[in-house]
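J.: Sequence plus the predicted model coming up.
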Amino acid sequence: MKNLQIETYKQNEHQLKEHQKITLNILSERLKINSGKANILEIGCANGNLLLELAKRYPLSHILSVEISSKLCEISREKLAQINHPSVNIIEQDITSYCTNTKFDCIIAEGVHSVFDDPISEISRWLSFLKKDGILLLFGLFAPEQLEYKFHYKNLQNDFGWESGFNAISTDSINQKFASDYDITTLPFNITIDLPKVKNNPIKTHTVDLNGKKNLVLAGSLILTMYHIILKKK
């Protein structure tokens, strides 16, 4: 099952998303950097906005992004050209085939795990890339109840066919699999701004007000429950 949601990111927006701002705040609180240096891995750089901000905030660190899309790699490299950071690299590669002996202080994966039909296995592999005191920071779609689902969709405005990308594992599954070895922090993402519905892009999320609370919605019907989840070795 393929996933071509990268088309949205090719629009090359330049502002950080609300969840990315929270990600940066979490890093400032949780990431302990000796002498200002860290090894940081970003899984999927999308349009490069978060990667660019990481490069600005951590100028002495080694930052690597693994991105499957050649076009998004190109967009991100263009943005990085705005600054002089000698230790930021982008690799065009499927993360499932990425292997390394390098250990990272921090791994960031935003909106990535839901692409996989078996996200727990992939998350386990990412954890093996961490240093002993490193952190894995996940953001994306998780099911808050003891029910998980695989969601396939077909966008009738293109000819991509059936795609994946909105699979949801339960936050309970994360705890059951990893709590014996990792301290886990689960932070619900509560969006506070209005996102209008984009008429010609049904896969673009928007907000609706339900019971006095803003909710992220996909295609006018699927309410998305989003979380930041932080895993740190005990």
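T.: Structure received.

J.: Let me see the contact set for residue 234.
T.: By CB atoms under 8 Å, 6 or more residues apart in numbering, residue 234 lies in contact with 181-183. Where C-beta positions appear, they are placed from N, C-alpha and C, glycine not excepted.

J.: same thing but 10 Å
T.: 179-184 (CB atoms under 10 Å, 6 or more residues apart in numbering).

J.: how close does it get to residue 17?
T.: 31 Å (CB to CB, to the nearest Å).

J.: go on, residue 113?
T.: 17 Å.

J.: swap in residue 100?
T.: 27 Å.

J.: Heading C-terminal from the stretch of helix or strand residue 74 belongs to, find the next helix or strand.
T.: When elements are assigned from DSSP states H and E, residue 74 belongs to helix 70-80. Later in the chain than helix 70-80, the nearest helix or strand by DSSP H and E is strand 88-92.

J.: Mind checking what helix or strand follows that next one in sequence?
T.: Remark: after strand 88-92, the chain's next helix or strand is strand 104-110, criterion DSSP H and E.

J.: quick one: strands adjacent to that following strand?
T.: Within its sheet, strand 104-110 is paired with strand 39-43 (parallel), strand 130-143 (parallel), according to DSSP bridges.

J.: ok so, going back, which of residue 100 and residue 17 has more neighbours?
T.: residue 17 (17 against 12; other CB atoms under 10 Å).

J.: For the protein, which element, helix or strand, carries the lowest mean pLDDT?
T.: For the chain, using mean pLDDT, DSSP states H and E, the weakest element among its helices and strands is helix 6-9, scoring a mean of 54.

J.: tell me the angle of the next helix or strand after that helix relative to strand 130-143?
T.: Going down the chain from helix 6-9, the next helix or strand is helix 18-30, by DSSP H and E. Counting by axes from the mean of the first three to the mean of the last three CA atoms, to 10 degrees, helix 18-30 lies at 150 degrees to strand 130-143.

J.: list the contacts for residue 207?
T.: 191-197, 213-217.

J.: Quick check: the gap between the residue located most distally from the centre of the chain and residue 19.
T.: In the chain, the greatest distance from the average C-alpha position (CA atoms, centre = their mean) is reached by residue 211, at 28.0 Å. From residue 211 over to residue 19 the distance is 22 Å, taken as CB to CB.
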